[in-house]
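Chemist: I'll drop the sequence and a predicted model, then ask my questions.
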Amino acid sequence: MTNGQRLHVYLAQDGATPQAFRWQGRTLRVQYVELLGLRSGERRFRLHTAEGAYEAAVAVRTGAWTLRRAPGWWERLRADIRRTPRYPLPAWRRRSRGARPRPLGSPAPGAQAEGSPRARNGGWGEASRALLG
C-alpha cells in the first residue's frame, strides 16, 4: 500500500487518460483504465497493467498525479498466472520447425487411397454397416 507517491504519467492523445506511467524507476504500460470518480478535488483512476491494478489520482487544480494504491504480492501473482498459456500442447502434438506444407492434391498422411475398400464404404466395416443399416 502506497499513499501519495508522485507519478510521471504519459497521457494518451485525448489528454485525459493515462497510457503509461513511471514508478520506482520502471515504466509501466497501461492496458486499460477504469474511472473511479471524483473525490475531494481529485479524479481517481484504476490503471490495469501486466503486473496488476494500480489506483492513481490527478489533482483537478494542479494536474499533479499521485499513486494511491499499488498491487500487493497476491495480485501480482494472480496477474502472472493469467499471463501464462492455459493449455499448452504436449511436445508430441507441437509442429516441428522442419515441417513443410504438402503439395496440393496429395493425400493427407494416414489417408486411404480412393480404390481401397475402406474408402469405398466410408470407413465403416461390414458389421458396423449391418448394425446401422
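Modeler: Structure's in. What do you need?

Chemist: So which residues of this protein form helices?
Modeler: Counting by DSSP state H, the chain has helices at residues 73-83, 117-120, 126-132.

Chemist: among the ones you listed, which gets the worst mean confidence?
Modeler: Among those, helix 117-120 carries the lowest mean pLDDT, at a mean of 54.

Chemist: Please pull out the lowest mean pLDDT helix or strand from the protein.
Modeler: Within the chain, no helix or strand scores below helix 117-120, which has a mean of 54 by mean pLDDT, DSSP states H and E.

Chemist: What are the boundaries of the strands in this protein?
Modeler: 5-6, 8-11, 18-23, 26-29, 32-39, 42-49, 52-59, 65-69 (DSSP state E).

Chemist: Which strands border the fourth one, and is each parallel or antiparallel?
Modeler: Sheet neighbours of strand 26-29, with direction, are listed as strand 18-23 (antiparallel) (DSSP bridges).

Chemist: quick one: the strand it pairs with to strand 42-49, angle?
Modeler: 90 degrees (axes from the mean of the first three to the mean of the last three C-alpha atoms, to 10 degrees).
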